[in-house]
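In: sequence first, predicted coordinates after that:
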Amino acid sequence: MDFDDKDLKILRHLLVDARQSARQLAHKLGMSTVTMISRIKKLEQRKAIQGYSVRLDHEILGYEITAVIEVTTTKGKMLEIEDKIARNENVCAVYDITGHADTLVIGKFKNRNSLSDFVKKLSAMSNVENTVTHIALNTIKEDFRLL
């Protein structure tokens with residue numbers, strides 16, 4: 001799908017502050033409010049905008065551990081396992097990947113015990129052959145807002 005420069009500017013501004021009104025955004029970008037509302041609705045319909053959310057500081061909220069977990073599955077069962085993993089409230093991302101493992105999971109945990117419980121349950125799932133867990137020592141950058 002092609003997006004013009006105005007669409008990309010709208011998206012950049014919304015990434016910085018999704019709470020701003022269409023009127024405020026229209027003023028910043030030199031458009032009418034009606035045009036801005038129309039463009040935002042089109043971006044939502046085209047699924048470029050899938051929702052609006054808040055960026056949180058997970059450490060302040062008590063999630064002190066970020067884990068990156070490689071999962072190797074029984075062939076043909078990867079999607080089923082990924083769906084189960086994705087439902088866990090500690091899981092931030094689930095990716096199909098190339099390489100030795102089949103799936104990469106990124107999760108946030110309050111402590112070692114909660115991470116340990118998660119990995120043990122993950123390893124015990126049927127059709128999970130192996131897991132390799134990496135713990136982030138420091139977060140240098142964590143921002144999925146592109147553009």
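Out: In hand now; what should we look at?

In: for residue 88, see how far away residue 96 is.
Out: With distances taken as C-beta to C-beta, to the nearest Å, residue 96 is found 17 Å from residue 88. For the C-beta atoms, the positions are set from N, CA and C on the backbone; glycine is no exception.

In: where does this structure dip in pLDDT?
Out: Low-confidence segments of the chain, defined by pLDDT under 70, are located at 1.

In: now the strands for it?
Out: Remark: strands assigned in the chain by DSSP state E are 65-73, 91-96, 103-109, 128-135.

In: what's in contact with the longest one?
Out: Residues lying outside strand 65-73 but in contact with it, judged by C-beta atoms under 8 Å, 6 or more residues apart in numbering, are 58, 81, 85, 97, 100-112, 114-115, 118-119, 122, 127-136, 139, 142.

In: measure how it sits relative to strand 91-96, angle-wise.
Out: Going by axes from the mean of the first three to the mean of the last three C-alpha atoms, to 10 degrees, strand 65-73 is angled at 30 degrees with respect to strand 91-96.

In: okay, buried residues for strand 65-73 please.
Out: Residues of strand 65-73 classed as buried by neighbour count (16 or more other C-beta atoms under 10 Å): 65-67, 69-71, 73.

In: so how far is it from its chain's centroid?
Out: Chain-centre distance of strand 65-73: 15 Å, with C-alpha atoms, centre = their mean, to the nearest Å.

In: and this protein, what are its domains?
Out: Listed by automatic domain parsing, the domain ranges of the chain are 5-45, 65-135.

In: of all the ones you listed, which one is nearest residue 51?
Out: Evaluated over the domains of the chain, closeness to residue 51 peaks at domain 5-45, with 8.8 Å, by C-beta to C-beta.

In: how many neighbours does the closest residue to residue 8 other than its chain neighbours have?
Out: Closest residue to residue 8 apart from its sequence neighbours, by C-beta to C-beta, 6 or more residues apart in numbering: residue 147 at 6.3 Å. Using other C-beta atoms under 10 Å, residue 147 has 11 neighbouring residues.
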